[in-house]
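Colleague: structure for this input, please:
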Amino acid sequence: MDSIVELVKRNEQLLLENAEALNDEEVEQEDIDEYLKIQGATKEELSAFENQFQIRLPEDFKTVYSYKNGSGYMSLIWPQEGFYRGYRLLSLKEIIKLKSLFQNKNCKMTEFPNVIGEKQLQQLDERIKPYLFCERWFPFAEYAGSLYLMLDYNPSEKGEIGQIICYVHDPDFIYYVAPNITEALKMTETVIENLI
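Modeller: Model (predicted):
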């Protein structure tokens, strides 16, 4: 699992060296300094999180969080070709706070016919259950308070527990991203290299 930390470090280096070009604006040195100060979560913090939500975090996810418990204002995950913005990694405390407000109930997509039509429902990835909100989804990264990467603990029969999915607001929908955080970080490396 140390290789995932090396992957995060390579991505960090790419991001820090190319921050202004990637963000289309000047990145404050203060934000970079704050990011560099962020420590990893302890085993006790990760265990307490798992106990609070009665889940077992994927090992690669725990390894990433043991290295960095959040990323402050730095966009650490860029897992989608064609969407040229990165997601900031939420700290465990931020996840807990967000979870109390968002993805804290089960609502199927069919409960929102004015938002999600039949055509959209047919486009839902078969690895994802047809929910718009689900208690077993855990947002861990966000972009602009309207896009969230989430761990899926309630996948369809064709999905995998712990797969990464994305909630997009306006228009509201759920998209499949990757089987795990390792693959999302590999995609990040590719996306960043293609942008610079």
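Colleague: for this structure, just list every one of the strands.
Modeller: Listed in chain order, the strands of the chain (DSSP state E) span 75-77, 87-89, 107-108, 131-133, 137-143, 147-152, 163-168, 173-178.
Colleague: low-confidence stretches in this protein?
Modeller: Along the chain, segments meeting pLDDT under 70 span 1-2, 23-26, 81-84.
Colleague: in contact with the spatially closest residue to residue 139 that is not a sequence neighbour, which residues?
Modeller: Nearest in space to residue 139, with sequence neighbours left out and distances taken as CB to CB, 6 or more residues apart in numbering, is residue 148 at 4.1 Å. In this view, the C-beta of every residue, glycine as well, is placed from N, C-alpha and C. Neighbour list for residue 148: 87, 102, 103, 139, 141, 142, 166, 167 [criterion: CB atoms under 8 Å, 6 or more residues apart in numbering].
Colleague: ok, 10 Å please
Modeller: 87, 90, 98, 102-103, 137-142, 165-169, 174 (CB atoms under 10 Å, 6 or more residues apart in numbering).
Colleague: before we move on, what about residue 124?
Modeller: Contacts of residue 124 by CB under 10 Å, 6+ apart are 109, 116, 130, 131, 156, 173, 174, 175, 176.
Colleague: please identify which of those is nearest to residue 123.
Modeller: Taking CB to CB as the measure, residue 173 is the one of those closest to residue 123, at 8.1 Å.
Colleague: what is the burial count for the nearest residue to that closest one once chain neighbours are set aside?
Modeller: Spatially, and ignoring its direct neighbours in sequence, residue 173 is nearest to residue 120 (6.3 Å; CB to CB, 6+ apart). Using other CB atoms under 10 Å, residue 120 has 13 neighbouring residues.
Colleague: tell me the contacts of residue 120?
Modeller: Counting by CB under 10 Å, 6+ apart, residue 120 has contacts 109, 171, 172, 173.
Colleague: ok, now residue 146?
Modeller: Counting by CB under 10 Å, 6+ apart, residue 146 has contacts 167, 168, 169, 170, 172.
Colleague: which pair of these spans the longest distance?
Modeller: Pairwise across the contacts of residue 146, and taking CB to CB, the largest span is found between 167 and 170, at 11.1 Å.
Colleague: so the two - more neighbours on which side?
Modeller: Ranked by neighbour count (other CB under 10 Å), residue 167 and residue 170 place residue 167 first, with 21 against 8.
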